[in-house]
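K.L.:
Pasting the sequence and the predicted coordinates here, then a few questions.
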Amino acid sequence: MSKPRDERQKDLFRPALERIIDMGHPLVRLAEEIDWGFLERRFASVCATGPGQPPLPARLIAGLFILKHMHSLSDEVLCARWVENPYYQYFCGEQFFRHELPFDRSSMTRWRQRLGEEHLAALLQESLSVAHKTGAVETKDLERVVVDTTVQPKAVAHPTDARLMYRAIEKLVALAKRHGVPLRQSYIRVAKQASIMVGRYSHAHQFKRARRMLRFLRTRLGRLIRDIGRKIAGDGELEALFIPLLGLASRARHQDRHQRGPKVYALHAPEVECIGKGKARTPYEFGCKVSVATPVTSPKGGQFVLHAKALHGSPYDGHTLGAVIADLEELTGVETRRIHVDKGYRGHNHPHRFT
């Protein structure tokens, strides 16, 4: 992995952050307790060696993610506060005060996409290690846990057949123009009008006309899929580019609201699932089921999240307990002696069934 750029020569005549901040500040003390070398070793596999601009320091990225979740900040607010807060900069490894960001705000999104579940678990593991070393959480707090599931919602619009098919037409036409694939007709204008009319007819309870517009959209999307398929046939490079989107568009065209099994709810996020948790205010949520474990007791340092795991496919809660507790014990190094769950875990697969 290439080393970050060394710009310390510009800071020869500027006072170090250690001279202008309070070294007893909680963020300063926390920065001294964190094993940054462990995080750098875990994050090193994310950066591939090659030409281009050197990567950002791993401590900077890890520090930004810790600060973001510690104070529940958005990327924009975090970047704004980082520029004006010397303690944030010291926590992220800066030696001198900086008046501008050393990265673009979009770098946060790119790093979040490149870091997988394994690397984010390293952040959680190190935070629990620091909490245990400082006495914020004790061993007895790790032995009794509460495990429950919730839904992590995805930022997607409410899925409707008309919107999905119109978005599929838009994306296919844009991809065809980008790669120079000539189309017999794009159907963008007529598809937009049909999508608008579906909503208007449904609002007026004129469902027969709304279904007619849906058939119109479905027919035009099918024509576009077949036209692109004919144009890219035999070209391996174009087929590799178009096949994923063509597959999603074909699924969106043929799926029915009453069908069983997985469906497409968003073309830009095909992993989104429709989950019903029995809530009166939100009967259905679109996102991913997540398991969260917290201590039953009240640790000295406040409440901690001991384990979090994404459960793709919306499995039954009881069938996930064994794997979740095994991961939790591997993460903390402490055997779990008592587990508190709700009735959604009846018939669980944990080896000690009555613990």
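P.N.:
Perfect, thanks for sending it. Quick caveat: nothing in here was measured; it's all calculated off a predicted structure. Residues are numbered from 1 along each chain as shown.
K.L.:
can I see the domain layout of this protein?
P.N.:
For the chain, the TED database gives the domain ranges 11-132, 136-154+272-345, 161-254.
K.L.:
end-to-end on the second one?
P.N.:
Just to be clear, that refers to domain 136-154+272-345. 30 Å (C-alpha to C-alpha, to the nearest Å).
K.L.:
Kindly indicate whether the residue nearest to Pro159 when sequence neighbours are not counted is helix, strand or coil.
P.N.:
Using C-beta to C-beta, 6 or more residues apart in numbering and skipping the chain neighbours, the partner closest in space to Pro159 is Tyr265 (4.3 Å). C-beta here means a position set from N, CA and C on the backbone, and glycine is covered the same way. Classification of Tyr265 using DSSP: H, G, I helix; E, B strand; the rest coil returns coil.
K.L.:
Likewise for Lys208?
P.N.:
Assignment for Lys208 (three-state DSSP): helix.
K.L.:
Count the residues that sit near it.
P.N.:
7 (other C-beta atoms under 10 Å).
K.L.:
measure it to Ile232 for me?
P.N.:
Distance, Lys208 to Ile232, by C-beta to C-beta, to the nearest Å: 37 Å.
K.L.:
Check for me that Ala293 belongs to a helix.
P.N.:
No - with three-state DSSP as the criterion, Ala293 is located in strand rather than a helix.
K.L.:
Bridge partners for it, pull those for me.
P.N.:
Val147, His307 (DSSP bridges).
K.L.:
quick one, strands of this structure?
P.N.:
Using DSSP state E, the strands of the chain run over 144-153, 273-275, 285-295, 307-311, 338-340.
K.L.:
between these, which one is nearest to Arg41?
P.N.:
Closest to Arg41 of these, according to C-beta to C-beta: strand 307-311, at 21.8 Å.
K.L.:
distance between that closest one and the chain's centre?
P.N.:
12 Å (C-alpha atoms, centre = their mean, to the nearest Å).
K.L.:
What residues are bridge-paired with Glu285?
P.N.:
Ile275.
K.L.:
Report how many residues lie close to it.
P.N.:
Neighbour tally, Glu285, other C-beta under 10 Å: 18.
K.L.:
Quick check, it in contact with Val151.
P.N.:
Yes - assessed by C-beta atoms under 8 Å, Glu285 is found in contact with Val151 at 4.3 Å.
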